[in-house]
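J.: Test case, fold it:
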Amino acid sequence: MSLSIRVRLSLMMLLEYAVWGAWAPVLYAYLVTAKPAGLGMSDPQASWIYNALPIASIIAPFLTGQLADRFFATERFMGILHLLGGVLLIVAAGQKTFGGMMGLMLLVCLVYAPTLALTNSLAFSHMKDSDKEFGGIRVWGTIGWILSGLLLTFFRNRYPQFTPRGMTDTLYLAGIMAILLGLLSFGLPHTPPKKEGVNPLAFLDAVNLMRDRNFLIFILISFVVATELQFYYLLTAPFLEQRMGVPQANVPGVMTTAQIAEIVVMAVLLPLLLPRMGLRKTMVVGIIAWPIRYVVFALGASAGPSMQWLVVASLTLHGFCYVFFFTVGFMYVDKVAHADIRASAQSLIAIVVLGLGSFFGNIITGWIADIFKDASTKTTNWTGVFLVPCVLTVICAVLFPLLFRQTATSAEAAEGA
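T.: Numbering: from 1, shown residues only. Predicted coordinates for the structure are as follows:
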């Protein structure tokens, strides 16, 4: 891969996840904060707005799969989607009602969700050795997520009025990032459509893998873990603001601690430990990290700002949670699926995790947060909230090693399993 292509693909990944990272970690706090600082929505309403992306992740392959594969060069299709998404994000930034925000965020996610797969396919199309090259390109996506958090913190502290009046800085910044990526996309390496096209329903071929007991257990645990993961994504920002005493302007920067840890775990610990522990044990460690984090959150909620340091430190566990379970899980799927259905199998797990798991997780999270909120004082019992996913992940941490056994097919490809 030439230096020019590597730089352009790295910028593509950086901006792709900078768009998502600009709003996903902190928009929830803006939605539920009382007016005029926020929109004063209920937790169930805010959780439905976050369901825009899971819904889009399920719908997008049906709506855009053949367009990208048969009719348009990938880079041009991405450019159009991101330019449209950028405009929609800036319009959404000024919305004041649940209906307006929900409708626009659904449109935003319908044009954004396909690009998550398109960036990967475009990158793979220009790599000579994806096993060696993809990691170095994909890590820039995590750096982009971190960049958005740091930019939000910088502007909130240094230039508090940089966002146009009546708009939220999270969606406004995401819109700017999307427009930049839309313009950049037209300069990405040319990736013409495949003449033969791809069946958008191909992922259904992988369903037969669930006849294998181990794969079925993996799918079910992945679904449950994905539902509880939304407690972290949706509620960490308001929890840090309302209970742990982190200034609202600093929350985006503080939350990048999780992504910094993700890079360290991905680049240093995973290559070191996976060959020694094998897929199964590594995934178990990833699951165990979840209840530990929620125990710390629950204890911090009881103690208040005096435990702010420990709660912030526990954000680093996200690196273990995500990399050791989900990233290694994607590797497991690649090992057990035959070559002709690997793409379908990856699509299946993506729909289970990013689509169905996130969808139901958002609904459950909003419902639980609403249950533990005092109607008169509008204060949240954060200890009660975080004990729910804690119990859920403890159950997963017990059941997964008891029920899941790595198959012979996967064991052949993973040392130490």
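J.: OK, contacts around residue 119?
T.: 12, 13, 16, 78, 141 (C-beta atoms under 8 Å, 6 or more residues apart in numbering). (Glycine included, C-beta is placed from N, CA and C.)
J.: got the contact list for the last one?
T.: Neighbouring residues of residue 141 by C-beta under 8 Å, 6+ apart: 13, 14, 16, 17, 119.
J.: what do you get for the first one?
T.: Neighbouring residues of residue 12 by C-beta under 8 Å, 6+ apart: 119, 122, 123, 181, 184, 185, 188.
J.: measure it to residue 362 for me?
T.: Per C-beta to C-beta, to the nearest Å, residue 12 is found 28 Å from residue 362.
J.: Just give me the neighbour total for residue 334.
T.: Under the neighbour criterion other C-beta atoms under 10 Å, residue 334 is assigned a count of 15.
J.: And the pLDDT at it?
T.: What the model reports for residue 334 is a pLDDT of 75.
J.: Please identify the helix or strand for it.
T.: Using DSSP states H and E, residue 334 sits in helix 328-336.
J.: picking that back up, identify, from the contacts of residue 141, the entry nearest to residue 311.
T.: residue 17 (24.4 Å; C-beta to C-beta).
J.: How much space separates that closest one from residue 4?
T.: Counting by C-beta to C-beta, the gap from residue 17 to residue 4 is 21 Å.
J.: that older thread, which pair in the contacts of residue 119 has the greatest spatial separation?
T.: 78 and 141 (14.3 Å).
J.: Just among the contacts of residue 12, which is most surrounded?
T.: residue 181 (28 neighbours).
J.: Helix, strand or coil: sort out the residue most central in space within the chain for me.
T.: The centroid of the chain falls nearest to residue 354 when counting by C-alpha atoms, centre = their mean (7.5 Å). Assigned state for residue 354: helix (three-state reduction, DSSP: H, G, I helix; E, B strand; the rest coil).
J.: do you know how far it is from residue 117?
T.: 10 Å.
J.: Residue 50 too?
T.: Applying C-beta to C-beta to residue 50 and residue 117 gives a distance of 20 Å.
J.: who has more neighbours, the two?
T.: Higher neighbour count among residue 50 and residue 117: residue 50, with 25 against 19, using other C-beta under 10 Å.
J.: so what's the more buried one up against?
T.: 27, 28, 230, 233, 234, 362.
J.: Most neighbours out of the residues you listed, which is it?
T.: In the contacts of residue 50, the most neighbours by other C-beta under 10 Å go to residue 28, 29 neighbours.
J.: who's in contact with it?
T.: Applying C-beta under 8 Å, 6+ apart, the residues contacting residue 28 are 46, 50, 233, 234, 235, 237, 238.
J.: how about those in JSON lines, adding pLDDT, distance to residue 96 and secondary structure?
T.: As requested, the contacts of residue 28 are arranged in JSON lines below (pLDDT from 0 to 100; distance: C-beta to C-beta, whole Å; DSSP: H, G, I helix; E, B strand; the rest coil):
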{"residue": "46", "pLDDT": "95", "distance to residue 96": "14", "secondary structure": "helix"}
{"residue": "50", "pLDDT": "95", "distance to residue 96": "18", "secondary structure": "helix"}
{"residue": "233", "pLDDT": "93", "distance to residue 96": "24", "secondary structure": "helix"}
{"residue": "234", "pLDDT": "94", "distance to residue 96": "21", "secondary structure": "helix"}
{"residue": "235", "pLDDT": "95", "distance to residue 96": "23", "secondary structure": "helix"}
{"residue": "237", "pLDDT": "94", "distance to residue 96": "20", "secondary structure": "helix"}
{"residue": "238", "pLDDT": "94", "distance to residue 96": "19", "secondary structure": "helix"}
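J.: Relative to residue 151, which of the residues you listed is nearest.
T.: The closest of these, once distances to residue 151 are taken by C-beta to C-beta, is residue 237, at 15.7 Å.
J.: okay, now the nearest residue to residue 323 once chain neighbours are set aside: neighbour count?
T.: Among residues not flanking residue 323 along the chain, residue 265 sits closest, at 4.5 Å (C-beta to C-beta, 6 or more residues apart in numbering). Counted with other C-beta under 10 Å, the neighbours of residue 265 add up to 23.
J.: my read: residue 59 touches residue 107, true?
T.: No - with contacts counted by C-beta atoms under 8 Å, residue 59 stays clear of residue 107, the gap being 11.7 Å.
J.: Can you pull the domain assignment for this structure?
T.: Taking automatic domain parsing as the reference, the chain has its domains at 1-198, 201-417.
J.: Just the residues contacting stretch 349-367, thanks.
T.: Against stretch 349-367 from outside (C-beta under 8 Å, 6+ apart): 42-48, 50-51, 53-55, 57-58, 61, 117, 203, 219, 222-231, 234-235, 326, 329-330, 333.
J.: Try it again at 7 Å.
T.: 43-44, 46-47, 50-51, 54-55, 57-58, 203, 219, 222-223, 226-231, 234-235, 326, 329-330, 333 (C-beta atoms under 7 Å, 6 or more residues apart in numbering).
J.: So which residues of the stretch 251-400 of the chain form helices?
T.: 251-264, 270-303, 308-314, 317-321, 328-336, 342-350, 358-371, 382-403 (DSSP state H, counting those that start in this stretch).
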